[in-house]
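J.: Here is my input; please provide its structure:
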Amino acid sequence: MYNMKKDIIPVSAIGLLAILPFLSGISEEFVFDDRPAVLKNKDITNSSPFNIFLHDFWGGNLTSSTSHKSYRPFTSLSFWIQAVFDGGISARNMKILNIALHSLASVLVYYMILSLKCLDQKVPIRELRFISFFSAALFGCHPVHVEPVASIVGRADILYSCFFIISAILGLRWAPIGVTPTIIKNVVLSVLTAVSMLCKEQGILFLIFWAGIEVLKTKFVRNQLFSRKLLIFCLYVLFNLIFLANLRMSFMNYEKPKFQKGDNPAAFEESWVKRILTFNYIYALNFYILLLPQWLCFDWAMGCISVLSMFDYRIYFVIFLWNFLLAMAVKSMIEIKRQNFMFIYSLVLLIVPFILSMNIFVHVGFVIAERNLYLSVAGYSLLVAKGVCNIYRELKGVYKKCLYPFVIIMFLSFVLQSHVRSNQWKNEIDLFSSGLNVCYKNAKVHYNIAKKLVDQKRIDNAVVFYKESVRIEPEYEHALNNLGNLLKTQKKFEESEHLLRKATQINPKFAAAFMNLAIVEQARGDFYQSERDYLKALNLRTVYPDCQFNLGNLYLKTKQLEKAEFRFGLATKHKHQLAFANLIILLDEQERLDEAHKSILEAHALFPANPEFMFQLANSFGKQGKFVESEKFYLKAISTEAKALYWSNLGVLYHRWDKLDQAEAAYKAALQIDSNLASARVNLNKVRNKKRK
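T.: Model prediction:
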């Protein structure tokens, strides 16, 4: 069945089709979910991979109420191993490996479909090779794959699919004779299923797929279908399913993940009729995306798909879906009678990997996730390939040639669409902006664009997108908080306070919104209410160094110096740089020089590259009369960041040290940077007068 010489050309073509369209997505930028799952995930950057097996996919505590309960340690381990080999986290290298793995998955699809000869002996080998090549090639370049391939976190889908397909190949080809070989096969496939599950949750679904393969192998012959052998096998699969599901649930303390309404609006709909209609419409939309993948979006949350009502025109799409599925069921019965099982296999491959995304067993935290369709594309591709083959067989003469342009156009359109879409995944601003064309009513799309614009210092544009986000979703507390923050920096305190207060009313547990509200209240002079809101934020989030720092600033402003010192001290325990700076100044102003010097040494040890702490250390040594040490740290600070104040204080040191020429040069350097620095000008005149005498 496998002929390496004959396979070289098709396998090479499949590999290229699975690589070339996605190359435009390679960049050094971490995009969207890649940031929390890889870049900011301490488990990936730790010297030891041990914590990967204790935390969720995002590096958080699996048993925490805020965890999404995604446990994919083998995928995270692959990130860690690659980071070790690369000498650090490289987005470019991780994306390149994703493309290579996708190419491998595409080749595996080719061999999996070739293995269907074991299931359906009547299929001519030449026809089977064509179907295998067509299916794998279509799978390789399908635009839906851009998200799992171009996003680093999509590796979870690629890895679990690889193990799933390998297991399917073994399930089809491995026909042991005798009890012991059968047990070995079952154990091997069970282990592969567990590995697949630990790459991504959907891996557990191979057990259902495996059961489907074994049922198909009976060819629906009555005495085989209801045989003792198949019954024992089904019980074994059921035991496996219960064991692995229980193991998986135990990792997350048997708790369901908690999502917000915006993540999956239909799941929060009280009317079961509307909820079921909406879920069915989402199934139809997933199928449409497989069929015509030009409508793709990085995030389908919030207002992308509104909840259906009884008289919604979109119900026609649900009716169409179920009519199509009914037709597929009838077609399956016909194929069973004809003893043709490839069609049924393709349907099982299309549907089974999608089961956990159907909101049947548990409500998921998304509306549509294109990367969850990764393996279902293989079933879709096999259906299309089989259909094209059947059409070609029925056509006569010149009509057969008419099919070639259709196939070429389809492949070209998929390759070009994948190329364009991959280019959009190259950086976040292009990715987020592309979402406007598909899901304009998704407030999160506008929110993400605004965040990127802030990073680019395009504040006015960011305000526009935040306002649009709030207009679309008036109770989107994160957009309210961020917009309030931006308006605060623009001194629009009244509007900022209104937005931040609304955010705290919508979500009374939103610690950041309470802190930002307190900052605005402090700026407006409402110190009493500001203190209360700072304390609320700290009550909601006990470890919150930013809030401790800001509360310390409030106490500093209201002359409550002991309280300010206490808050700055708490913040410094969590390595808050600005808190160190303010604590040092506070201690210095109180003439507590030894304590100030100790804090400066601690800060400099924690942040050796921070020129401000070098400067403070130089000042402290200068006050102690240790001029050599003081000079060393002034020069070190200046070499890092040549501020006018640094040069001016160095001039003061030289002045006290009676090095007048160097003092004069330092003051001149300060004035070249800032000609308005009055103290440097006054001291420069003093030095010149002293030199004349």
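J.: Listing request: residues of the chain with sub-threshold pLDDT.
T.: By pLDDT under 70, the weakly predicted segments of the chain are 1-4, 693.
J.: Where do the strands of the stretch 51-200 of the chain begin and end?
T.: Read by DSSP state E, counting those that start in this stretch, the stretch 51-200 of the chain holds no strands at all.
J.: contacting residues around the helix or strand harbouring residue 284?
T.: According to DSSP states H and E, residue 284 maps onto helix 272-291. Applying CB atoms under 8 Å, 6 or more residues apart in numbering, the contact partners of helix 272-291 are 144, 265-267, 269, 295-296, 305, 307-310, 312, 314-315, 317-318, 320-322, 324, 354, 357-359, 367-368, 370, 373, 376-377, 380. The way it works is simple: take the backbone N, C-alpha and C, and place the C-beta from them, glycine included.
J.: which of these are buried?
T.: By neighbour count, with 16 or more other CB atoms under 10 Å, the contacts of helix 272-291 hold 144, 265-267, 269, 296, 305, 308, 312, 314, 317-318, 321, 354, 357, 359, 367-368, 370, 373, 376-377, 380 as buried.
J.: Could you double-check that residue 480 sits in contact with residue 498?
T.: No: counting by CB atoms under 8 Å, residue 480 does not reach residue 498; the two are 9.3 Å apart.
J.: List the buried residues in the helix ranked longest in the chain.
T.: Longest helix in the chain, counting residues (DSSP state H): helix 398-424. For helix 398-424, the neighbour count (16+ other CB under 10 Å) marks 414, 415, 417, 418, 419, 421, 422, 423, 424 as buried.
J.: show me the contacts for the second one.
T.: So the one you mean is residue 415. Residue 415 neighbours (CB under 8 Å, 6+ apart): 17, 20, 21, 141.
J.: again with the third one
T.: Residue 417 is in contact with 143, 293, 294, counting by CB under 8 Å, 6+ apart.
J.: and of those residues, the nearest to residue 437?
T.: residue 294 (10.2 Å; CB to CB).
J.: got a list of what the closest one touches?
T.: So residue 294 contacts 143, 417 (CB under 8 Å, 6+ apart).
J.: Ok, residue 135 next?
T.: 109, 110, 113, 378, 381, 382, 384, 385.
J.: And the residues you listed, which two are furthest apart?
T.: Maximum pairwise distance in those, criterion CB to CB, is 14.8 Å, between 110 and 384.
J.: Those two - which one has more neighbours?
T.: Using other CB atoms under 10 Å as the criterion, residue 110 and residue 384 rank with residue 110 on top: 26 against 20.
J.: Residue 666 versus the more buried one, what's the distance?
T.: 73 Å (CB to CB, to the nearest Å).
J.: what does residue 600 give?
T.: Distance of residue 600 to residue 666, given as CB to CB: 21 Å.
J.: One more: residue 364?
T.: Residue 364 is 64 Å from residue 666, by CB to CB.
J.: The two: who's more crowded?
T.: residue 666 (27 against 19).
J.: Phi, psi for that one please.
T.: Backbone torsions for residue 666, taken as degrees, to the nearest 10, come to phi -70, psi -40.
J.: Contacts only, for it.
T.: With CB under 8 Å, 6+ apart, residue 666 has these contacts: 647, 648, 650, 651, 654.
J.: So for the first one, what's the nearest residue that isn't a sequence neighbour?
T.: In this case it means residue 647. Of all residues not flanking residue 647 in the chain, residue 670 sits nearest, at 3.8 Å (CB to CB, 6 or more residues apart in numbering).
J.: How many residues are close by the one you found?
T.: For residue 670, the count of nearby residues is 26 (other CB under 10 Å).
J.: List the buried residues for the helix or strand where residue 689 lies?
T.: Per DSSP H and E, residue 689 falls inside helix 678-692. With burial defined by 16+ other CB under 10 Å, the residues of helix 678-692 counted as buried are 680, 683, 684, 687.
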